[in-house]
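[1] Can you look at this prediction? I've put the sequence above it.
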Amino acid sequence: MSQTLAMPKLGLTMTEGQVAEWRRAPGEPFAAGDVLVVIETDKIANEVEAPAAGRLTAVLVEAGRTVPVGAALAQWELVDGQMASASAPAGATDAQPAPAMPSPSAAADAQAAEPASPKPTATPATPGGRIVATPYARRLAHERDVPLAGIAGSGPGGRIRAADVPQSAAPQLVATPPAAAAGGLAAAAAEHFLLADVPAVALLEWRARLSAGQGGIGSLALYLAARVLPALRPQALCAAGDGAPVLAALAAQGYTAWRSAMQAAVSAAPHATLRFASAGRGPLRVWAPARPIGCELALGLGSVTDGGMTLSLRADAAAWSAADVAAYLTRLHAALEDPRRVLL
């Protein structure tokens, strides 16, 4: 049975997305849960998983193209007569049989008939020296050891997208050696890694209204992270750095009560579900702490630069699906952008 993989809606305000990377080629089989494609927006990059075992039959949207939500990205077929799971992503729907792939000569003729796109120029830095790039582009540049400076950005205003990052080295998943984790904690592998940019205006205004000694941007961000986490993990525990964990549900009692609970927590508590670390003041826009063994989520907050911050999130792939991780980071992004969404 032929199926269509459509552009998913990853957030309430998302209207379009860019295909950043295909993880499967036409004719290649895959298992349920395998990552088929990486979708990128200006705020988040998300891995789209296969709802059932199958085989990709046709790629309709090449990497680097931006299409609206709901647009057909590819076609695939089930194997062994399996039926798609009821929990399949919104992008997986019934479709007509896959069209035949065009011959090389026909594809070349079609490409020649298209008007040539203007060649992007090197991306200029903002007045503050910051190079504008999407979170996934920054991640790829780091993995491929490619400096962002000098990369020609094809996005609005010269923004660097994933498709602009050259393939100087094949990306690979590298397990961090146990000794590399801070504080003597062993670092875990097999994880999802997401980045998201968020404006800092709301948190800066909130901090300005607090009394001295009531915490800074990092404390407010951790509080909001705890407020939205119980929707996905009701019994989750949150901790700052290597401190003692606190039940995330306590954040519903208010910021003051949450701060008191954090200060009264004992170090003998069990492993935290989420551990948070902040870069504090400085030029470190991206801060991605290691995730210790026994910890499901490691959330990092970069320094406030040019009125914005970058969130990094590492998630245990054995405990969190890519969809759940994306849903959590999207909710947290919305809360940081406008805290009233969870406080009122």
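    It's in. Since we're looking at a predicted model, the values are computed, not measured.
[2] For the stretch 201-344 of the chain, which residues score under the pLDDT cut-off?
    For the stretch 201-344 of the chain, residues meeting the criterion pLDDT under 70 lie at 267-270, 344.
[3] which residue ranges form the strands in it?
    Taking DSSP state E, counting those that start in this stretch, the strands of the stretch 201-344 of the chain run over residues 237-240, 246-247, 274-278, 297-301, 308-316.
[4] Which one of those lies nearest to G158?
    strand 308-316 (16.7 Å; C-beta to C-beta). Backbone N, C-alpha and C define where each C-beta goes, glycine included.
[5] re earlier: for the strands of the stretch 201-344 of the chain, give me TSV that also has mean neighbour count.
    As requested, the strands of the stretch 201-344 of the chain are arranged in TSV below (neighbours: other C-beta atoms under 10 Å):
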stretch	mean neighbour count
strand 237-240	24
strand 246-247	21
strand 274-278	24
strand 297-301	25
strand 308-316	23
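[6] Quick one: closest of these to A52.
    Among these, the nearest to A52 by C-beta to C-beta is strand 308-316 (22.7 Å).
[7] need the strands of the stretch 201-344 of the chain in TSV with distance to Q75, can you?
    TSV is the format used below for the strands of the stretch 201-344 of the chain (distance: least, C-beta to C-beta, whole Å):
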stretch	distance to Q75
strand 237-240	42
strand 246-247	46
strand 274-278	38
strand 297-301	34
strand 308-316	30
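[8] In the protein, which residue is most central in space?
    Nearest to the mean C-alpha position of the chain, counting by C-alpha atoms, centre = their mean, stands L194 at 2.9 Å.
[9] Spell out which helix or strand contains it, please.
    Using DSSP states H and E, the element containing L194 is strand 191-199.
[10] rewinding a little: V266: which of the strands of the stretch 201-344 of the chain is closest?
    Per C-beta to C-beta, nearest to V266 of the strands of the stretch 201-344 of the chain: strand 246-247, 10.1 Å.
[11] Show residues contacting the closest one.
    In this structure, residues lying in contact with strand 246-247 by C-beta atoms under 8 Å, 6 or more residues apart in numbering are 226, 235-239, 258, 261-262, 265, 269.
[12] buried stuff in stretch 13-26?
    Across stretch 13-26, burial judged by 16 or more other C-beta atoms under 10 Å covers 14, 17-24.
[13] same question, stretch 260-267
    Neighbour-count burial for stretch 260-267, counted by 16+ other C-beta under 10 Å, picks out 261-262, 265.
[14] Take those and lay them out in a markdown table including distance to V79.
    As requested, these are exported to a markdown table (distance: C-beta to C-beta, whole Å):
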| residue | distance to V79 |
| --- | --- |
| A261 | 50 |
| M262 | 50 |
| A265 | 50 |
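[15] Tell me how many other residues crowd R209.
    R209 has 7 neighbours, counted by other C-beta atoms under 10 Å.
[16] before we move on, what about L60?
    17.
[17] ok, it touching W76?
    No. With contacts counted by C-beta atoms under 8 Å, L60 stays clear of W76, the gap being 10.9 Å.
[18] Now for T13: which residues touch it?
    With C-beta under 8 Å, 6+ apart, T13 has no contacts at all.
[19] For it, give its distance to R138.
    Relative to R138, T13 is positioned 21 Å away (C-beta to C-beta, to the nearest Å).
[20] returning to that earlier point: list just the nearest of the buried residues of stretch 13-26 to A252.
    Out of the buried residues of stretch 13-26, the member with the shortest distance to A252 (by C-beta to C-beta) is M14, at 27.6 Å.
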